[in-house]
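[1] Pasting the sequence and the predicted model now:
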Amino acid sequence: MFEKSQEDGYLDLCISRARNEYLTWVEQFLDIIENENYDGGLKINDIGCNVGQFWKGLKKRNLAELSYYGFDYELIYLNAAEKIFPELQGRLYHRDVTIEPLPNSDISVCSATLEHLPSFEAGLANIIKSTNKMVLLRTFLGDSQLTSINMKEGAKDPYLIRQFSFHEIFSTFSNAGFTVTIVRDRYTDSMPRYLSTGVIRSFFIIKAVKNQQ
């Protein structure tokens, strides 16, 4: 489980952010969504929803009327999200997206999750299959595909840190009928980040818009 691969205090940090901060990636995603000028009544799937940061951003912009649904593998995050945002009861789901299909949505958002999935191909396929308009995906990209194992000090378990290649992402979405734009991540400026010994990654945002028939 991902929670066991994090240091003590990680959950408390997530909760503190949900109560006190508006995260930059959430604001950037919402800017992109608003710039698309979609009609109202959209359904949004938040993959790897953690403790509800994206929902908090929707409320801030008065977009809470959108049909929001959050999915996470970790029950501890979902339980925390319901305590912080009681209105999310009934909209959060314990789901392994590499195994279980997702309900259809107009927009799917996913930040800092895909690179940690043991079977990212199945997870990404489920996200793509369930999305009718646009996928926003924040993850590590580079010239080649890489897989590393990271072990944080104080953690109980190691975890995967993948890097996806630009070619791989373009091909996957193009074959599924999406047009892809790579956007520089606002929070990190897509600069390389040192994560652990020998592991350096750069965040980018993938904006994949489904081609209309």
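    Right, received. Where do you want to start?
[2] Run a quick neighbour tally on the nearest residue in space to Arg186 that is not next to it in sequence.
    Closest residue to Arg186 apart from its sequence neighbours, by Cβ to Cβ, 6 or more residues apart in numbering: Gln28 at 4.6 Å. Every C-beta, even on glycine, is put in place using the N, C-alpha and C of the backbone. Taking other Cβ atoms under 10 Å as the neighbour definition, Gln28 ends up with a count of 20.
[3] mind checking the SS state of Gln28?
    Under DSSP: H, G, I helix; E, B strand; the rest coil, Gln28 falls in the helix class.
[4] Quick one: residues contacting it.
    Residues counted as contacts of Gln28 (Cβ atoms under 8 Å, 6 or more residues apart in numbering) are 183, 185-187, 205.
[5] Of all pairs in those, which one is the farthest apart?
    Greatest spatial distance among those (Cβ to Cβ): Val183 and Tyr187, at 12.0 Å.
[6] Quick check: which element contains the residue nearest the centre of the chain?
    Centroid check for the chain by Cα atoms, centre = their mean gives Cys110 as the closest residue, at 1.9 Å. Cys110 belongs to strand 105-111 when assigned by DSSP states H and E.
[7] Just the mean pLDDT for that strand, thanks.
    Mean per-residue pLDDT for strand 105-111: 97.
[8] and that strand, which strands flank it?
    Strand pairing for strand 105-111, determined by DSSP bridges: strand 43-47 (parallel), strand 131-142 (parallel).
[9] What ranges does this protein have for its helices?
    With DSSP state H, the ranges of helices along the chain come out as 10-20, 24-35, 53-60, 75-84, 120-130, 166-175.
[10] between those, which one is nearest to Ser144?
    helix 166-175 (8.9 Å).
[11] Residues contacting the closest one, please?
    Contacts for helix 166-175 (Cβ under 8 Å, 6+ apart): 124, 128, 135, 141-143, 145, 179-180, 182, 206, 208.
[12] Ok, stretch 182-195 next?
    Contacts to stretch 182-195, defined as Cβ under 8 Å, 6+ apart, come from residues 23-25, 27-28, 32, 138, 141, 150, 161, 166, 169, 200-207.
[13] quick one: buried residues of it?
    The neighbour-count check on stretch 182-195 (16 or more other Cβ atoms under 10 Å) flags 185, 188, 190 as buried.
[14] before we move on, what about stretch 161-168?
    By neighbour count on 16+ other Cβ under 10 Å, the buried set for stretch 161-168 is 161-164.
[15] Kindly report the same for stretch 73-82.
    For stretch 73-82, burial by neighbour count (16+ other Cβ under 10 Å) applies to 73-74, 77-78, 80-82.
[16] what do you get for stretch 86-104?
    88, 91-92, 95, 97-98, 102.
[17] got the contact list for the closest residue to Pro101 other than its chain neighbours?
    Leaving aside its chain neighbours, Pro101 sits nearest to Asn126 (5.7 Å; criterion: Cβ to Cβ, 6+ apart). Going by Cβ under 8 Å, 6+ apart, Asn126 touches 97-98, 100-102.
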